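Undergrad: turn this into a model:
(one chain, ligands or ions: 2)
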Amino acid sequence: MSGTGWDEARAIAWRAGAARPLGVETIPVERGDGRRLGAAVHALVDLPTVDVSAMDGWAVAGSGPWRLDGAVAMGVPPAQRLRAGTARVITTGAAVPLGTLGILRAEHGAPLPGEPEVLRAIATEAIDEGRDIRRRGEELRFGEPLIRAGARLTPPRLALAAAAGHDTLGVLATPRVDLIVTGDEVVAAGVPAPGAVRDAFTPSLPPLLGRLGAAATTRRIPDRLDPFIDAFATGRPDVFVTTGGTAGGHGDLLRRAIVAEGGTVELAGVAMRPGHPVLFARTSAGIPVLGLPGNPLAAFACLLSFLPPWLDGASGRPMAELDRVAALDIPSTGHERRLTPFEWRDGVPEPSRWRGSAMLRGLADADGFLVSPSGDGERAARMLRLPW
Ligand SMILES: Nc1nc2c(c(=O)[nH]1)N[C@H]1C(S)=C(S)[C@@H](COP(=O)(O)OP(=O)(O)OC[C@H]3O[C@@H](n4cnc5c(N)ncnc54)[C@H](O)[C@@H]3O)O[C@H]1N2
Ligand code: MOO
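TA: Ligands and ions are numbered 1, 2, ... in the order given. Predicted coordinates for the structure are as follows:
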């Protein structure tokens, strides 16, 4: 099959992203979920900030029994040192007073009978130095790197950043995608009449792009050159994604529109099925264009093959490695890659029956695409995971 190799096309997409890195913006940590860090996050404090108790009980100094000496207030380091032979009530997370040997857990101590002011241990084991004390900085030291640049912010990472003292975080700007949907036969709503085709992309590609970390605005344009040229000339997204008109069907509408606008077609055709007619281009303003074929499964296969590498490049990250699935009876396909929707069944990926370029049934239930091996040294298939 003709066309640029699938891996080479992914590398080209990555380089196109790397050539136009995303900017960085500062947002409150509460709004960080799902965003990518623009710079590494470092600790602004030691954690814990002081020595704290790991248990509810008493801070004790010296060996027991101990005379009770009040309670440690939560949230501030105690001003008064604990003298040998005394104990202070303490709760989990409170700062231990200077002079503390260790913590006697609530269930391991009791007042002496008839002497409510004197505490004794009721557990057999002795309290050794530092027992149930979390030491200052044992998890984290001031200035230590916590989360690497480019990492996706998750709830635990937001918790870590907040715990380390951050109110705001520098995140990569959300890449903006102008999605241009073409096809005069494509109808926006209702049950399609015979010969018409219901638009599958307007309801599905913006949320898919959202799950990949991008924000899409959609416009549907008629199959004419002028509106296409106008869209490329006036839009200022980080990337254009178009659907349809990549092959011969609309008289090569997409290619003609790019050239007429003053842009350049950089790659036309990748050795893959479905998705062979996919196209990479650049507008006159240098904005990358990913032209997806109109056949729905082909469009999804191409978007998931090439947009993530572009995003990796634009985010300053190396391209993510794909997982490999060994020991599968997937025939190698030489230069061409076959992308087949699959479902996990009993821990084994099972290729779908519904794998035709125009079909959506297989993908609707799929866990990902299997990418066929080339055969020359590569035996295992790879997997494109679906972002849900
Ligand atoms: N003469 C050739 N014909 C075709 C070739 C070729 O190389 N030479 N390649 C075939 C392959 S492979 C594919 S894939 C498709 C790609 O076609 P286009 O990108 O030009 O897409 P269209 O012709 O516009 O549409 C193809 C198909 O997809 C349907 N479609 C389009 N938009 C939507 C939408 N929003 N929702 C649902 N379905 C959509 C459209 O109605 C067509 O049925 O070309 C082959 N032909
Ligand atoms: O490349 Mo096409 O998507 O096989 O029909």
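Undergrad: for the stretch 201-350 of the chain, what spans make up the strands?
TA: 215-220, 239-243, 264-268, 272-273, 279-282, 288-292, 324-325, 337-345, 348-351 (DSSP state E, counting those that start in this stretch).
Undergrad: would you list these in CSV and tack on mean neighbour count?
TA: Yep, even glycine has a C-beta here, placed from its N, CA and C like the rest. Formatted as CSV, the strands of the stretch 201-350 of the chain follow (neighbours: other C-beta atoms under 10 Å):
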stretch, mean neighbour count
strand 215-220, 16
strand 239-243, 26
strand 264-268, 16
strand 272-273, 23
strand 279-282, 22
strand 288-292, 26
strand 324-325, 16
strand 337-345, 20
strand 348-351, 17
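Undergrad: nearest to ligand 1, of these?
TA: Of all the strands of the stretch 201-350 of the chain, strand 239-243 sits nearest to ligand 1, with 5.3 Å by C-beta to the nearest ligand atom.
Undergrad: quote the end-to-end distance of stretch 84-99.
TA: Using C-alpha to C-alpha, to the nearest Å, one end of stretch 84-99 lies 8 Å from the other.
Undergrad: no, scratch that, I was asking about stretch 339-351
TA: First residue to last in stretch 339-351 (C-alpha to C-alpha) measures 10 Å.
Undergrad: R81 belongs to a helix?
TA: No. Counting by DSSP: H, G, I helix; E, B strand; the rest coil, R81 is not part of a helix but coil.
Undergrad: can you pull the contacts of it?
TA: Residues in contact with R81 (C-beta atoms under 8 Å, 6 or more residues apart in numbering) are 97-99.
Undergrad: in terms of mean pLDDT, which of the strands of the stretch 201-350 of the chain ranks lowest?
TA: In terms of average pLDDT, strand 324-325 trails the rest of the strands of the stretch 201-350 of the chain, at a mean of 84.
Undergrad: so L292 bridges to which residues?
TA: Beta bridges link L292 to T243, judged by DSSP bridges.
Undergrad: that older thread, export the strands of the stretch 201-350 of the chain as a markdown table, with columns for distance to ligand 1.
TA: Rendered in a markdown table, the data for the strands of the stretch 201-350 of the chain read as follows (distance: least, C-beta to the nearest ligand atom, whole Å):
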| stretch | distance to ligand 1 |
| --- | --- |
| strand 215-220 | 8 |
| strand 239-243 | 5 |
| strand 264-268 | 10 |
| strand 272-273 | 7 |
| strand 279-282 | 9 |
| strand 288-292 | 7 |
| strand 324-325 | 25 |
| strand 337-345 | 12 |
| strand 348-351 | 19 |
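Undergrad: out of these, which comes closest to ligand 2?
TA: Of all those, it is strand 272-273 that lies closest to ligand 2, at 4.4 Å by C-beta to the nearest ligand atom.
Undergrad: ok, and does that closest one reach over to ligand 2?
TA: Yes. On the criterion C-beta under 6 Å from any ligand atom, strand 272-273 is in touch with ligand 2 at R273.
Undergrad: what are the contacting residues of that strand?
TA: 1, 3, 6, 9, 278, 301-302, 305, 336-339, 357.
Undergrad: now the buried members of those.
TA: Neighbour-count burial (16 or more other C-beta atoms under 10 Å) is assigned, among these, to 3, 6, 9, 278, 301-302, 305, 336-339, 357.
Undergrad: any chance you could map the strands in the stretch 1-150 of the chain?
TA: With strands called from DSSP E, counting those that start in this stretch, the stretch 1-150 of the chain shows them at 24-28, 41-42, 52-53, 57-60, 66-71, 86-90, 102-105, 109-112, 115-121, 133-134, 145-147.
Undergrad: out of those strands, which one sits most buried?
TA: The highest mean neighbour count among the strands of the stretch 1-150 of the chain, using mean count of other C-beta atoms under 10 Å, belongs to strand 57-60: a mean of 27.
Undergrad: run the chain-centre distance for that one.
TA: How far strand 57-60 lies from its chain's middle: 44 Å, per C-alpha atoms, centre = their mean, to the nearest Å.
Undergrad: what pairs with it, parallel or antiparallel?
TA: Applying DSSP bridges, one finds strand 57-60 paired with strand 86-90 (antiparallel), strand 102-105 (antiparallel).
Undergrad: restricting to C-alpha, output the last one in CSV.
TA: C-alpha atoms of strand 102-105 as CSV (Å, rounded to 0.1, in the frame of the first residue of the first chain):
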residue,chain,number,x,y,z
GLY,A,102,6.7,9.2,71.9
ILE,A,103,2.9,8.8,71.8
LEU,A,104,1.0,6.5,74.1
ARG,A,105,-2.1,5.5,72.1
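Undergrad: report the contact partners of the nearest residue to R10 once chain neighbours are set aside.
TA: Closest residue to R10 apart from its sequence neighbours, by C-beta to C-beta, 6 or more residues apart in numbering: P309 at 4.6 Å. Contact analysis of P309 by C-beta under 8 Å, 6+ apart lists 10-11, 13-14, 17, 319-320.
Undergrad: picking up where we left off before, D223: which of the strands of the stretch 1-150 of the chain is closest?
TA: Evaluated with C-beta to C-beta, the strands of the stretch 1-150 of the chain place strand 24-28 nearest to D223, the distance being 37.5 Å.
Undergrad: got the contact list for that closest one?
TA: By C-beta under 8 Å, 6+ apart, the list of residues contacting strand 24-28 from outside reads 35, 38-39, 167-173.
Undergrad: with neighbour count and pLDDT added, can I get those in a markdown table?
TA: Output for these, formatted as a markdown table (neighbours: other C-beta atoms under 10 Å; pLDDT from 0 to 100):
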| residue | neighbour count | pLDDT |
| --- | --- | --- |
| R35 | 20 | 95 |
| G38 | 20 | 94 |
| A39 | 15 | 92 |
| D167 | 11 | 98 |
| T168 | 14 | 98 |
| L169 | 25 | 98 |
| G170 | 16 | 97 |
| V171 | 21 | 98 |
| L172 | 23 | 97 |
| A173 | 17 | 97 |
